[in-house]
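Participant: Here is a sequence with its predicted model. Questions after.
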Amino acid sequence: INELFEKYNTFIKASKFGKKYHLVEKEMFFIEGQERVRKIIEENRHRKHSNKKKIQNNTVLQIDNVSPVDMLNVASTIHSIAIEEGIVFVSGKGQKKTTLQNLYESFMEKGERLLKYKSHFEIMGKDRNSYSKTDVEATFMRMKEDHMKNGQLKPAYNLQFAVENYFIVHTHVSNDRTDYKTLIPVAKKHQEHLGNTLMEMVADSGYSSEENLLYLEENNIESYIKLTDHEKKKSRKYYEDISKYYNMKTTIITNENGNTQKAYVCYDNRLLKHQKTEIRRVDGFERTFEVYASENCDGCLLKSECLYKYDPTKHESKNKLMKINERWDHLKSMAEENVLSEKGIKYRQIRSVMTEGSFGDMKENDGYRRFHRRGTEKVTKEIMLYVMARNINKYYRFEQNILEKYEGKVA
């Protein structure tokens, strides 16, 4: 598009149409976050060569300022010039198009395409990178049912159940592909509809995030959420990784200002001192990282084990650097303590039986695998009807002593 505007400016200057029709030079419209997008694209090029995961940029790009309508206005101006000059636009085989017509068609095509892009971005929003044309509120997700065995994507909703003693207390329908953004809405829904404060919450590792654990702590809700590295911590390899800060010793040193501060001691007995504090903001949530670095790692024989993807030919002068989120570490240690307690073990058993069992009953026993309505509101009403029927069924079974409260046990 930038090149197209340059062609237009060159043409009106060379043809003297600019002076004749009082036209001014045009430039490409401004895209908010344009420099950020270019930076990410360049970084992704490097990541591709080093087999690293790409950085998503769909939340950065926003076609907001000076809309594509400006391009369509330029096309309209070109068409008016053609009429004034008696230039006929041609089509069909053997017909040669003029420069004026080529510019007109290029501006029309790209302007209309950008209008479509703008429409897609507005429908999709900042939190998604896909949507279904048959149900614009649904997001394409990978399903467990993969009949073609090719990892196909299907339009879907993320359905959450909050279960207490077999009864579904709350449901939450969202179009988010991940689970960790759904925990806080469910907790707020409990307070809003029942008026009482939650005492405890049990969930699997898919809900483990700093934002979720912080919310639970601030609202005095006991967290029994299994951490993402729960299984890794059972292995010897986890505690033998010399590159991780949690396997290093800590010490107290005096800095240049005479103040004492914490420092880490690596396996080669070199100090990693505090350098700075970094703050990252994602979707309005702020995370704080303390940066520790070694002043000199020259001559260290453990570089290949300590530095990430160390290449002696390229990274000979590279020094060790660590970014530590201390608040996140504190929240994880509190959650882990709860999860590994006797009460936590029981709760995890109960969760796997009740919560996962609810979805198992719904899909396998009741044959309810697909929503019949479209749109978040209609899907929510549909699942609420199912939940009401399921809860009535459970109540009847409790009344008939067919079903009893499941307590769980510790081996």
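Facilitator: Nice, thanks for sending it over.

Participant: so how many other residues sit close to Asn175?
Facilitator: By the criterion of other CB atoms under 10 Å, Asn175 has 24 neighbours. For the C-beta atoms, the positions are set from N, CA and C on the backbone; glycine is no exception.

Participant: What of Gln160?
Facilitator: Gln160: 20 neighbours (other CB under 10 Å).

Participant: Tyr224 falls within a strand, correct?
Facilitator: Yes. Tyr224: assigned to a strand according to DSSP: H, G, I helix; E, B strand; the rest coil.

Participant: can you pull up the bridge partners for it?
Facilitator: Val202 (DSSP bridges).

Participant: pretty sure it contacts Met201?
Facilitator: Yes. With contact taken as CB atoms under 8 Å, Tyr224 and Met201 are classed as touching, separated by 6.7 Å.

Participant: longest helix anywhere in the protein?
Facilitator: When the chain is parsed with DSSP state H, its longest helix is helix 99-124.

Participant: and that helix, which residues are buried?
Facilitator: 100-101, 103-104, 106-108, 110-111, 114-115, 118, 124 (16 or more other CB atoms under 10 Å).

Participant: Give me the lowest-pLDDT entry from those.
Facilitator: Among the buried residues of helix 99-124, Lys118 carries the weakest pLDDT, at 81.

Participant: low pLDDT regions in the stretch 301-411 of the chain?
Facilitator: For the stretch 301-411 of the chain, the stretches with pLDDT under 70 are 410-411.

Participant: All the strands of the chain, residue numbers only.
Facilitator: 139-142, 153-156, 158-164, 167-174, 200-203, 222-225, 249-254, 260-265, 271-282, 285-294, 321-324 (DSSP state E).

Participant: what's the most buried one of those strands?
Facilitator: Highest mean neighbour count among the strands of the chain (mean count of other CB atoms under 10 Å): strand 222-225, with a mean of 23.

Participant: what separates that strand from the chain centre, distance-wise?
Facilitator: Its chain's C-alpha centre and that of strand 222-225 lie 23 Å apart, by CA atoms, centre = their mean, to the nearest Å.

Participant: Please apply the same query to stretch 328-337.
Facilitator: 23 Å.

Participant: Can you list the neighbours in contact with stretch 90-97?
Facilitator: Phe89, Gln101, Glu105 (CB atoms under 8 Å, 6 or more residues apart in numbering).

Participant: Which pLDDT value belongs to the residue positioned nearest the centre of the chain?
Facilitator: Closest to where the C-alpha atoms of the chain average out (CA atoms, centre = their mean) is Asp127, at 7.0 Å. Here, the pLDDT recorded for Asp127 equals 81.

Participant: can I assume it is in contact with Arg177?
Facilitator: No. Judged on CB under 8 Å, Asp127 makes no contact with Arg177 at a distance of 9.6 Å.

Participant: count of residues packed around Asn9?
Facilitator: 16.

Participant: Next one: it relative to Ile392, how far apart?
Facilitator: Distance, Asn9 to Ile392, by CB to CB, to the nearest Å: 71 Å.

Participant: Kindly report the same for Leu403.
Facilitator: From Leu403 to Ile392 the distance is 13 Å (CB to CB).

Participant: Compare those two and say which one has the larger neighbour count.
Facilitator: Remark: of Leu403 and Ile392, Leu403 carries more neighbours, 15 against 10, as counted by other CB under 10 Å.

Participant: Any idea how many residues pack against the closest residue to the more buried one other than its chain neighbours?
Facilitator: Of all residues not flanking Leu403 in the chain, Arg397 sits nearest, at 4.1 Å (CB to CB, 6 or more residues apart in numbering). Neighbour count for Arg397, taken as other CB under 10 Å: 13.

Participant: how near is Arg397 to His315?
Facilitator: On the measure of CB to CB, Arg397 and His315 end up 64 Å apart.

Participant: One more: His172?
Facilitator: 46 Å.

Participant: Not counting sequence-adjacent ones, nearest residue to Met71?
Facilitator: Gly111 (3.4 Å).

Participant: Let me know whether that neighbour touches Leu103 as I believe.
Facilitator: No. Gly111 is not in contact with Leu103 according to CB under 8 Å; the separation is 11.9 Å.

Participant: what does stretch 109-119 rub up against?
Facilitator: Ile1, Leu4, Ile63, Ser67, Pro68, Val69, Asp70, Met71, Leu72, Val74, Ala75.

Participant: How is the protein partitioned into domains?
Facilitator: 1-29+65-124, 159-231+335-400, 237-327 (the TED database).

Participant: Could you export these as JSON lines, including distance to Ser50?
Facilitator: Output for the domains of the chain, formatted as JSON lines (distance: least, CB to CB, whole Å):
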{"stretch": "domain 1-29+65-124", "distance to Ser50": "29"}
{"stretch": "domain 159-231+335-400", "distance to Ser50": "24"}
{"stretch": "domain 237-327", "distance to Ser50": "7"}
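
Participant: pLDDT at the residue of the chain most remote from its centre, what is it?
Facilitator: Relative to the centre of the chain, and counting by CA atoms, centre = their mean, the farthest-placed residue is Gly86 at 54.4 Å. With respect to pLDDT, Gly86 scores 91.

Participant: For it, which residues are in contact?
Facilitator: So Gly86 contacts nothing (CB under 8 Å, 6+ apart).

Participant: ok, which stretches of the chain are helices?
Facilitator: Going by DSSP H, the chain shows helices at 2-14, 17-20, 34-49, 69-85, 99-124, 183-194, 210-218, 236-240, 303-306, 326-340, 342-360, 376-399.

Participant: How far away from the center of its chain is the fifth one?
Facilitator: Here the centre of mass of C-alpha atoms in helix 99-124, compared against the chain's by CA atoms, centre = their mean, lies 29 Å away.

Participant: any idea of the pLDDT on Tyr117?
Facilitator: 83.

Participant: any idea how far it lies from Lys7?
Facilitator: In this view, Tyr117 and Lys7 are 21 Å apart by CB to CB.

Participant: about what we covered before: can you lay out the contacts of stretch 109-119 as CSV showing neighbour count, pLDDT and distance to Gly195?
Facilitator: Formatted as CSV, the contacts of stretch 109-119 follow (neighbours: other CB atoms under 10 Å; pLDDT from 0 to 100; distance: CB to CB, whole Å):
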residue, neighbour count, pLDDT, distance to Gly195
Ile1, 16, 81, 55
Leu4, 18, 89, 60
Ile63, 19, 50, 44
Ser67, 14, 61, 47
Pro68, 20, 78, 49
Val69, 13, 79, 50
Asp70, 17, 82, 53
Met71, 26, 85, 54
Leu72, 17, 88, 54
Val74, 21, 89, 59
Ala75, 20, 92, 59
